[in-house]
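Chemist: sequence and computational prediction follow.
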Amino acid sequence: MKNKIQYLFGLLIVGAFVAMAFGNSEQYKVGEYYRYVPSADTITNAEKDTLLLPVTMYSQYTYCIQGVRTSLSGTHNVKFVLQQSNTTSGNTDWVGVDSTSTTSATIGLLQGAELYGVRYRILVNGSGTQSSRYALNCTFKKKN
């Protein structure tokens, strides 16, 4: 029995050291790459959706974001905008990084080699009289 207690106590100590090493820091949420694929949604007329990436990125990343639009009815135009913030909270310092529009195309592509912020969001902006379905497929790769 004494050996079992010592073994359990040893595991607790190792677990405590691992917890202290990683702490509660958000920087461990993203590794060498990060995939973000939110559920497909529908946008109507001039509706706007804002999709906040649920991670904080403390390293520099490259990005590739595909927005796929399917026209359900009307005159369609959906614009995808990638924005970044250099703070870990708040809602006043968002700045545009890249954008693409799917007026005539069904797939919009955003890709780049430099992301410096810590938080990111994607704006989906509709215009015109439309009903369109959109899906996003996002990949972020850590730069070495």
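Modeler: The structure has been received and is ready for your questions.
Chemist: tell me where the protein has helices.
Modeler: Using DSSP state H, the helices of the chain run over 2-22.
Chemist: residues near the nearest residue to residue 33 once chain neighbours are set aside, how many?
Modeler: Distance criterion CB to CB, 6 or more residues apart in numbering; nearest residue to residue 33, sequence neighbours excluded, is residue 141 at 4.8 Å. Where you see a C-beta, it was placed from the backbone N, CA and C, and this is true even at glycine. For residue 141, the count of nearby residues is 14 (other CB atoms under 10 Å).
Chemist: show me the contacts for residue 141.
Modeler: 32-33, 61-63 (CB atoms under 8 Å, 6 or more residues apart in numbering).
Chemist: residue 41: which of those is nearest?
Modeler: residue 63 (20.5 Å; CB to CB).
Chemist: which residues touch the closest one?
Modeler: 82, 98, 110-112, 115, 138-141.
Chemist: next: residue 143.
Modeler: 59-62, 113.
Chemist: returning to that earlier point: can you select the buried ones among the contacts of residue 141 for me in ChimeraX?
Modeler: One line in ChimeraX is enough to select the buried ones among the contacts of residue 141; burial here means 16 or more other CB atoms under 10 Å:
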select :61,63
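Chemist: the contacts of residue 141 in strands, which ones?
Modeler: When DSSP state E defines the strands, the subset of the contacts of residue 141 inside them is 33, 61-63.
Chemist: what's the lowest-pLDDT member of the residues you listed?
Modeler: In terms of pLDDT, the weakest of the ones in strands among the contacts of residue 141 is residue 33, which scores 85.
Chemist: can you pull the pLDDT of the residue nearest to residue 116 when sequence neighbours are not counted?
Modeler: Using CB to CB, 6+ apart and skipping the chain neighbours, the partner closest in space to residue 116 is residue 60 (6.3 Å). Note for residue 60: predicted pLDDT of 89.
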